[in-house]
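Participant: I need the structure of the sequence given here:
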Amino acid sequence: MSEGLNKVMLIGNLGQEPELRDTGGGQAVMNLRMAVSESWVDRDGERKERTEWVSIVMWGKRATALHPHLHKGEKIYVEGKLQTRKWQDKEGNDRYSTEVNATDLKFLGGKGQQQQGSRDQQGPKGGFGDDDIPF
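Facilitator: Residues are numbered from 1 along each chain as shown. Model prediction:
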């Protein structure tokens, strides 16, 4: 029997342009900030909304291939696992960051699609299917 399950599935909008860089070892890594919102009506009948900001990291060839096609405001689906990193700030204090280590990302259309008309030639809803990515 499995000891646990670490799986995250999110739908939201990119909050900023993604950043792509290479690690010291030559591995590509892309960092994203994603806004995930939920809304509800409270007991007084008022509509409420809460937005969580989530840090996403994606590694390797898939990150390199997707990076040029991701833009602030776009609606995306991300699947992955939670991972907490420990690091030290400038004063040497231990800090912790929890992020989603993405294993899958899909375009869902939305704001970024209207901003870029050229997306219409790239398939349904301006996204890429699994057959469009070379790995």
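Participant: only C-alpha atoms for contact and neighbour calcs from this point on.
Facilitator: Will do.
Participant: helices or strands next to the longest helix that the chain contains in the packing?
Facilitator: Determined from DSSP state H, the single longest helix within the chain is helix 60-66. Using 3 or more CA pairs under 8 Å, 6 or more residues apart in numbering; DSSP states H and E as the contact definition, the elements that helix 60-66 packs against are strand 28-41.
Participant: And the contacts of the strand it packs on?
Facilitator: Applying CA atoms under 8 Å, 6 or more residues apart in numbering, the contact partners of strand 28-41 are 10-23, 47-61, 63-64, 67.
Participant: Spit out the contact partners of the residue lying farthest from the centre of the chain.
Facilitator: Centroid-distance maximum for the chain: D44 at 34.1 Å, with CA atoms, centre = their mean. Listed by CA under 8 Å, 6+ apart, the contact set of D44 is empty.
Participant: and it, that one's in a strand?
Facilitator: No. Under DSSP: H, G, I helix; E, B strand; the rest coil, D44 sits outside any strand and is assigned coil.
Participant: Begin at 45 from now on, thanks
Facilitator: I'll keep to 45 as the first residue from here, and by that count the last item is D88.
Participant: For E63, name its beta-bridge partners.
Facilitator: E63 has these beta-bridge partners by DSSP bridges: N75.
Participant: Report the contact partners of it.
Facilitator: By CA under 8 Å, 6+ apart, the contact set of E63 is M74, N75, L76, H111.
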